[in-house]
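> 3D, please:
(2 chains)
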Protein chains: 2
Amino acid sequence: MRKKLLTACIVAALGAGYAAVALSQVKPETLVRQRQAVMILQGKYFGPLAGMLKGSVPYDAATVTRNAAFLDDLSQMPWDGFAESTKGAKSFALPVIWTEGAKFKQAQDQLRTAIGALNAAAKSGNEGAVKAAIGDVGKACGNCHDNFREK
Amino acid sequence: MRKKLLTACIVAALGAGYAAVALSQVKPETLVRQRQAVMILQGKYFGPLAGMLKGSVPYDAATVTRNAAFLDDLSQMPWDGFAESTKGAKSFALPVIWTEGAKFKQAQDQLRTAIGALNAAAKSGNEGAVKAAIGDVGKACGNCHDNFREK
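Purely as a prediction, here's the structure:
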């Protein structure tokens, strides 16, 4: 049942939130609400970093370090919420998520890689490297939204 | 301005999400949406653990470890969203949050302590200790909801 519900790609990206609970037991609307909650929080913690890159927010290394660490966890959380059971639920998700699973997984990986690099840059304390990494995270967000989210 | 906006207790609990961005620049509705997003995700990752304690979800040590780590981050995220600017915004928050700041902070600390203990228990691999710690996290959730959230 669970296998039927999920594309192979989404299974590969499954977080442990539901590792012990069949996704089929969770209402599609709940899954949508949870994945949208992650997006809201990614915005909360990425927003100030994007501001630092643009220069609208003063650069603050401690904020970078903490927000990057939060984003490392947050960016693992949304993907199991894109179960096939949510196809018909009201959301901004485009159907291509379920027809082009490999491409969707690639977009997730791009974000995870960019956030890994951001955490490494934050540890290095090199402001230039941090700003380049913030730019790459922004590109990964944009890439996924452009291709898999309703305009 | 920022000092005026926040009670001393909420300042003490401030996360770094906004350390570089004045909270006064963020719309109250946005702050409410963000803190509610954290609650949704705390539910996502605590739910299966509560199920393990009740016996409705099979015990799974890997899920415990991962969810406990996620909860460690998530439980740091809601508090700066309870800025005084949000007093009038639509939410389940009770006004006592802003009149009894010390008690509210104590409830936050109780959750943070319980989640710290849960992470320690998860590392120990002792199922009994994990289950006791899950119970304490549940009590901390309930304590805060009972006192600071509309029924």
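> Below-threshold pLDDT in chain A: ranges please.
Residues of chain A that meet the criterion pLDDT under 70 lie in A:1-24.
> change it to 50
Counting by pLDDT under 50, chain A contains low-confidence residues at A:1-16, A:20.
> So in it, which helix runs the longest?
Across chain A, the longest stretch assigned as helix under DSSP state H is helix A:28-54.
> Give the buried residues for it.
For helix A:28-54, the neighbour count (16 or more other C-beta atoms under 10 Å in any protein chain shown) marks A:28, A:30-53 as buried. Backbone N, C-alpha and C define where each C-beta goes, glycine included.
> Same question for stretch A:87-107.
Buried residues in stretch A:87-107 (16+ other C-beta under 10 Å): A:Ser91, A:Ala93, A:Ile97, A:Trp98, A:Glu100, A:Gly101, A:Phe104, A:Lys105, A:Ala107.
> Would you list the phi and psi of the last one?
Here is the backbone geometry of A:Ala107 (degrees, to the nearest 10): phi -70, psi -40.
> who's in contact with it?
For A:Ala107, the contact set (C-beta atoms under 8 Å, 6 or more residues apart in numbering or on different chains) comprises A:Ala140, A:Asn143, A:Cys144, A:Asn147, A:Phe148.
> Write the ChimeraX selection for whichever of those are buried.
Remark: buried members of those, expressed as a ChimeraX selection using 16+ other C-beta under 10 Å:
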select /A:140,144,148
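> Pick the one among the contacts of A:Ala107 closest to chain B.
Nearest to chain B among the contacts of A:Ala107: A:Cys144, at 18.2 Å, using C-beta to the nearest C-beta.
> Now name the helix or strand holding the closest one.
Here A:Cys144 sits within helix A:127-148, counting by DSSP states H and E.
> That helix packs against which elements?
In terms of contacts (3 or more C-beta pairs under 8 Å, 6 or more residues apart in numbering or on different chains; DSSP states H and E), helix A:127-148 is packed against helix A:28-54, helix A:61-74, helix A:96-99, helix A:101-124.
> In it, which residues are buried?
A:Ala129, A:Val130, A:Lys131, A:Ala133, A:Ile134, A:Asp136, A:Val137, A:Gly138, A:Ala140, A:Cys141, A:Cys144, A:Phe148.
> Could you do stretch A:105-114 as well?
Neighbour-count burial for stretch A:105-114 flags A:Lys105, A:Ala107, A:Gln108, A:Gln110, A:Leu111, A:Arg112, A:Ala114 (criterion: 16+ other C-beta under 10 Å).
> follow-up on the earlier one: distance to B:Glu84 added to the helices and strands packed on helix A:127-148, as a markdown table?
Putting the helices and strands packed on helix A:127-148 into a markdown table (distance: least, C-beta to C-beta, whole Å) gives the following:
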| stretch | distance to B:Glu84 |
| --- | --- |
| helix A:28-54 | 19 |
| helix A:61-74 | 22 |
| helix A:96-99 | 40 |
| helix A:101-124 | 31 |
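> Nearest to B:Asn67, out of those helices?
Closest approach to B:Asn67 among the helices and strands packed on helix A:127-148 (C-beta to C-beta): helix A:61-74, 10.9 Å.
> Hey, what's the angle from that closest one to helix B:28-54? Just curious.
Here helix A:61-74 runs at an angle of 50 degrees relative to helix B:28-54 (axes from the mean of the first three to the mean of the last three C-alpha atoms, to 10 degrees).
> Which elements pack onto helix A:61-74?
Helices and strands touching helix A:61-74, by 3+ C-beta pairs under 8 Å, 6+ apart, are helix A:28-54, helix A:101-124, helix A:127-148, helix B:61-74.
> CA atoms only for it - export them in CSV, please.
What follows is helix A:61-74, C-alpha atoms only, in CSV (Å, rounded to 0.1, in the frame of the first residue of the first chain):
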residue,chain,number,x,y,z
ALA,A,61,28.0,35.8,11.2
ALA,A,62,26.2,34.3,14.2
THR,A,63,22.8,34.6,12.4
VAL,A,64,24.3,32.9,9.4
THR,A,65,25.6,30.0,11.4
ARG,A,66,22.4,29.4,13.3
ASN,A,67,20.1,29.9,10.3
ALA,A,68,22.2,27.7,8.2
ALA,A,69,22.0,24.9,10.8
PHE,A,70,18.2,25.3,11.0
LEU,A,71,18.0,25.2,7.2
ASP,A,72,20.0,22.0,7.2
ASP,A,73,17.2,20.3,9.2
LEU,A,74,14.3,22.1,7.5
